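Asks: Build me a model:
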Amino acid sequence: MSRTVVRTLRQAAFGTLAILAVTGSAYAVEITGAGATFPNPVYQKWAEAYKAKTGTAVNYQSVGSGAGIKQIEANTVDFGATDKALEADELKKNDLVQFPAVIGGIVPIVNLPGIKDGEVKLDGATLGAIFLGTITSWNDPALVKANPGLALPRTPITVVHRSDGSGTTYNFAYYLSAVNADWQAKVGANTAVEWPTGVGGKGNEGVSALVQQTVGSIGYVEIAYALQNKLTYTKMMNADGLYVEPKLSAFKAAAEKADWASAPNYRLVLANQPGKESWPITAATFILVHGSQSDANKAKAVLGFFDWSLNNGQKMAEDLLYVPLPDALVKHIEATWTSSVKGPDGKPVWP
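Replies: Residues are numbered from 1 along each chain as shown. Sure, this is the predicted structure:
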């Protein structure tokens, strides 16, 4: 059966759910989630469309991956969201099931008056040196050499980083660890690191705001935040040694290299993927739900939202420059729900 036919049948089914939702309040459900700021733009878009379709409200709080993990572990939300996939022991300890939801790109953003999108070119070693605080001005010889013909100012560099526990930080720091030996030795990769320099902002929103306010600054955000806030992004050198722009085709090129079939619990990092078109700081973002559910109807509502989003929300995701998951991966995720998410009677809550 073709995906188009399947999607049509699902849309018909959800249309029926929408009628039920508006004709009887017993059918209306509110879902709560919290976590990663990286996917917040697309989650909000999906939630808006899903409520219009089914009547089910999805309240997602963009509080950062660290806070999202804590909230789902404490069972204060119906689902958590993180850009750093959890290890098997942490999933088991907290009775959690993990699956990817969407893929996006993390981009360096700068505030340099007169400089346009993509005019500044950075390689990983230089970007790491900036965030280590060893390159401190925009006219540093390393930057001048990488940007011949570009009038870089003498302006001091202000590094802007995350102040909260962040999966975006994890993926950014993971990339820097892969391409800059000093970063790997001195800082490493985690959701929270000891920043050698700079000022901190909460969430992708906070980093965006600080860069917007601070001339000479550089930060890192998911691409949707750069575009929505009209922030200047840089080009980056990828693993093949080519400078590329952060665009949907570059994120897709990196995502295509992902070997999900060999990733236990879908734990996969997409940074520094090979390929002449690949964006080097591409990342997946993940959803966490409890394996043992006390309310089967609520659990089914959560999975129903993501089923609809993964199968019907591709265009909305791409409009925000996120990469939808491939068909085969979506089917595998839905099989994971059936095998791993159980109601109080021990039976699968999905489908």
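Asks: Residue 74: neighbouring residues, count only.
Replies: 10 (other CB atoms under 10 Å). Using the backbone N, CA and C atoms, a C-beta is placed for each residue, glycine as well.
Asks: Next: the one 5 residues further on.
Replies: Residues within reach of residue 79, counting by other CB under 10 Å, total 24.
Asks: same thing with residue 297?
Replies: 11.
Asks: Show the contacting residues for it.
Replies: Residue 297 makes contact with residue 29, according to CB atoms under 8 Å, 6 or more residues apart in numbering.
Asks: so who does the closest residue to residue 65 other than its chain neighbours touch?
Replies: Once flanking residues are discounted, residue 65 sits nearest to residue 167: 3.5 Å by CB to CB, 6 or more residues apart in numbering. Neighbouring residues of residue 167 by CB under 8 Å, 6+ apart: 36, 38, 64, 65, 82, 83, 84, 191, 283, 285.
Asks: Which of these fall within strands?
Replies: 82, 283, 285 (DSSP state E).
Asks: Which of the residues you listed has the largest number of neighbours?
Replies: residue 283 (31 neighbours).
Asks: how near is that one to residue 105?
Replies: Distance of residue 283 to residue 105, computed by CB to CB, to the nearest Å: 8 Å.
Asks: Find the least confident helix or strand in the chain, judged by mean pLDDT.
Replies: Ranked by mean pLDDT, DSSP states H and E, the weakest helix or strand in the chain is helix 3-23, scoring a mean of 43.
Asks: which residues in the stretch 251-351 of the chain form strands?
Replies: Taking DSSP state E, counting those that start in this stretch as the criterion, the stretch 251-351 of the chain carries its strands at 282-290.
Asks: ok, which stretches of it are helices?
Replies: For the stretch 251-351 of the chain, helices defined by DSSP state H, counting those that start in this stretch occupy the ranges 296-312, 314-319, 327-340.
Asks: Residue 167 versus the residue lying closest to residue 242 once chain neighbours are set aside, what's the distance?
Replies: Distances taken as CB to CB, 6+ apart put residue 276 closest to residue 242, at 5.4 Å, once the chain neighbours are dropped. Distance, residue 276 to residue 167, using CB to CB: 27 Å.
Asks: just residue 46 next, same as before
Replies: 18 Å.
Asks: cool, residue 215 as well?
Replies: According to CB to CB, residue 215 stands 29 Å off from residue 167.
Asks: Separate out the buried members of the contacts of residue 167.
Replies: 36, 38, 64, 65, 82, 83, 84, 191, 283, 285 (16 or more other CB atoms under 10 Å).
Asks: can you give me phi and psi for the nearest residue to the third one once chain neighbours are set aside?
Replies: What it means is residue 64. In space, and not counting its chain neighbours, residue 64 is closest to residue 164: 4.3 Å by CB to CB, 6+ apart. Note on residue 164: its backbone torsions stand at phi -110, psi 170 [degrees, to the nearest 10].
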